[in-house]
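> sequence and predicted structure, then a few things I'm wondering about:
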Amino acid sequence: QVQLVESGGGLVQAGGSLRLSCATSGRTFNGYTVGWFRQVSGKEREFVALVNRNDYTTYADSVEGRFTISRNNAQNTVYLQLSSLQPSDTAVYYCAASQLLRPTLAPLYDYWGQGTQVTVSS
């Protein structure tokens, strides 16, 4: 079992930055791929970024160049740095863990956190 807890969300003006954290506990964290997704009420959960056990990263086109994902295995934490935020980035952000190497679809993840709200004002 893997437990995930997100933090770092909040209200920020357009053009601002936030850093989200995903703290994990339970089974060996290092072997899992950790992904970030976001969801707006009434819409499907959308892939944002992932980092796998080989430090491979990939991003959604909508956030490429603005968001950066990283992991600190010693602290069992994955970070998502959000920069140049836009109102369209407003959503609940979730982190999730998968045993697959490059999963960009939500059903491919086994464990989920509770989410953290990010609101970007114009």
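Looks like it arrived, so ask away.

> tell me which helix or strand the residue nearest the centre of the chain sits in.
Nearest to the geometric centre of the chain sits residue 36, at 2.3 Å (Cα atoms, centre = their mean). Element membership of residue 36, judged by DSSP states H and E, is strand 33-39.

> mind listing residues that contact that strand?
Contacts to strand 33-39, defined as Cβ atoms under 8 Å, 6 or more residues apart in numbering, come from residues 20, 22, 24, 45-53, 69, 71, 78, 80, 89, 91-104, 106, 109, 115, 118. Every residue, glycine included, has its C-beta placed from N, CA and C.

> also stretch 11-19?
So stretch 11-19 is in contact with 8-10, 79-87, 118-122, going by Cβ under 8 Å, 6+ apart.

> picking up where we left off before, now the element after the strand holding residue 36, going C-ward?
Counting by DSSP H and E, what follows strand 33-39 is strand 46-51.

> how about residues contacting that next one?
In this structure, residues lying in contact with strand 46-51 by Cβ under 8 Å, 6+ apart are 33-39, 57-60, 63, 67, 69-71, 78, 80, 91, 93, 102-106.

> can we see that at 7 Å?
Strand 46-51 is contacted from outside by 33-39, 57-60, 63, 67, 69-71, 78, 80, 103-104, using Cβ atoms under 7 Å, 6 or more residues apart in numbering.

> related to what we said a few turns ago, among the contacts of strand 33-39, which ones are in strands?
20, 22, 24, 46-51, 69, 71, 78, 80, 91-98, 118 (DSSP state E).

> could you give me the PyMOL syntax to select whichever of the residues you listed are buried?
Buried subset of the ones in strands among the contacts of strand 33-39, written as a PyMOL selection, criterion 16 or more other Cβ atoms under 10 Å:
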select buried, resi 20+22+24+47+48+49+50+51+69+71+78+80+91+92+93+94+95+96+97+98+118
